[in-house]
Each structure stands twice: as C-alpha cells, then as structure tokens.
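Peer 1: Would you be able to build a 3D model of this:
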Amino acid sequence: MELSLKRLVLPYGISLLKYLKERNYDGTETIQENCVLKYCPLTRKKVVAKKERGTYESALDRHSRVLVVDWVDNAVVAVASKHVGNVKRYSQAAKFL
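Peer 2: Numbers count the residues shown, from 1 in each chain. I've put the predicted structure just below:
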C-alpha cells in the first residue's frame, strides 16, 4: 500500500527528469505527445509520421537541460533525456554502424 501511495505523488514526464536530476541521477524516458508539446516546439506526430523511417527532430530546454527527441521508427517515438553521450546507430539498409 505504501509503495502505491508514493507512486501517486511522483512526478512523471519532463518533471520526473528534473526530480531525478535534483537527486543527482540522469534519466531517459519515453513520453507521450501531450507532454512533449507543452515543453518543446516539435512538429505534430501526424506530420512526423509521414516522413521516412530514421527521421528525427529534437529540441533542448536550456533551463532544465532536458533533450526531447521525436523519431520515426515503426511509429513515432518521443524520448526525453537528461543523459548526454554518443552512440553508434545500426543501419539495416546499409548493414553497418
């Protein structure tokens, strides 16, 4: 019972990342479109969905240092992150990283 009460008061979305950062944690999460549009001027999901797979769009909130990325996979995925770093991306079409 106590755990479920704690989950009710935890912030979600962009505010969860701010909450974690205050406690010296980085975080990455998928977020819903309605959370993205409040904080970032990204193109609507319906418009982005018509673009080629692998297309992405990003916006950075300079105050909270949260990066929000929309990218087209099988569907449009929205991700928010406080973590910074580089990754290699595998291309199925080109068969290389």
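
Peer 1: Leaving out chain neighbours, which residue sits closest to residue 20?
Peer 2: residue 27 (4.5 Å; CB to CB, 6 or more residues apart in numbering). All C-beta atoms are positioned from the backbone trio N, CA, C, and that covers glycine.

Peer 1: what about that neighbour, neighbour count?
Peer 2: Residue 27: 15 surrounding residues under other CB atoms under 10 Å.

Peer 1: OK, contacts around it?
Peer 2: Contact analysis of residue 27 by CB atoms under 8 Å, 6 or more residues apart in numbering lists 16-17, 20-21, 81-83.

Peer 1: okay, which residue is most central for the protein?
Peer 2: By CA atoms, centre = their mean, the mean C-alpha position of the chain lies nearest to residue 79, the distance being 1.6 Å.

Peer 1: From the contacts of residue 27, list just the buried residues.
Peer 2: 16-17, 81-82 (16 or more other CB atoms under 10 Å).

Peer 1: Redo those residues as a markdown table? Include secondary structure.
Peer 2: Output for these, formatted as a markdown table (DSSP: H, G, I helix; E, B strand; the rest coil):
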| residue | secondary structure |
| --- | --- |
| 16 | helix |
| 17 | helix |
| 81 | strand |
| 82 | coil |
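
Peer 1: May I ask which two of the residues you listed are separated the most?
Peer 2: Using CB to CB, the pair of the buried ones among the contacts of residue 27 lying farthest apart is 16 and 81, separated by 11.5 Å.

Peer 1: so which of the buried ones among the contacts of residue 27 comes closest to residue 92?
Peer 2: residue 81 (23.5 Å).
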